[in-house]
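Visitor: need coordinates for the following:
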Amino acid sequence: MFWVLFLLSAWAVAGLACLRLCLAAVRAAAVGPRAAAPEHTLTLYEAAFLSGGPRRVADLTLVSMARQRRLLLAHTGWATVVDPCGRDDMERSVIGAIGPGGQSRIAPVRAAAAAADAVR
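Guide: Sure, this is the predicted structure:
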């Protein structure tokens, strides 16, 4: 019979916790989303920087340009510019790192693009 008192008190505490949770949810819904701070969605470059630093941003730029067929990445380690017009600062820094000849090794291009002002 003694355990019934513990059971009743546990139910009372659980009921109060549920009631407080429901009241907090109602208050939060009444305030609405307009009170929240405006969210800043990350760009692809910002997400790459947060997940791997400047080298990841350079890799992302190289791969995205290659996927759009504006840059050729050969399995031999060479990068060749197909479209010399960069669409943003990061792409222009990669094209500038490749040089006026339009072809360069990938490792120096990656290092130069990672150290560019566009990444900072």
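
Visitor: show me where this protein has strands.
Guide: In the chain, the strands defined using DSSP state E lie at 71-73, 78-81, 103-105.

Visitor: buried stuff in the second one?
Guide: If I follow you right, that is strand 78-81. 79, 81 (16 or more other CB atoms under 10 Å). Bear in mind the C-beta positions are built from the backbone N, C-alpha and C, glycine included.

Visitor: sheet-wise, list the partners of it with their directions.
Guide: Taking DSSP bridges as the criterion, strand 78-81 forms sheet pairs with strand 71-73 (antiparallel), strand 103-105 (antiparallel).

Visitor: format the CA atom coordinates belonging to stretch 94-102 as PDB.
Guide: The C-alpha trace of stretch 94-102 is given here as PDB (Å, rounded to 0.1, in the frame of the first residue of the first chain):
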ATOM      1  CA  VAL A  94      40.800  30.100 -59.600                       C
ATOM      2  CA  ILE A  95      41.100  31.300 -63.200                       C
ATOM      3  CA  GLY A  96      43.700  33.800 -62.200                       C
ATOM      4  CA  ALA A  97      45.600  31.100 -60.400                       C
ATOM      5  CA  ILE A  98      45.700  28.900 -63.500                       C
ATOM      6  CA  GLY A  99      47.300  31.800 -65.400                       C
ATOM      7  CA  PRO A 100      47.100  33.400 -68.800                       C
ATOM      8  CA  GLY A 101      48.100  30.200 -70.600                       C
ATOM      9  CA  GLY A 102      44.800  28.600 -69.500                       C
END
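
Visitor: re the thing from before, okay, the strands paired with strand 78-81 in JSON lines with distance to residue 87, mean pLDDT and mean neighbour count next?
Guide: Listed next are these as JSON lines, based on distance: least, CB to CB, whole Å; pLDDT from 0 to 100; neighbours: other CB atoms under 10 Å:
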{"stretch": "strand 71-73", "distance to residue 87": "12", "mean pLDDT": "94", "mean neighbour count": "18"}
{"stretch": "strand 103-105", "distance to residue 87": "20", "mean pLDDT": "95", "mean neighbour count": "14"}
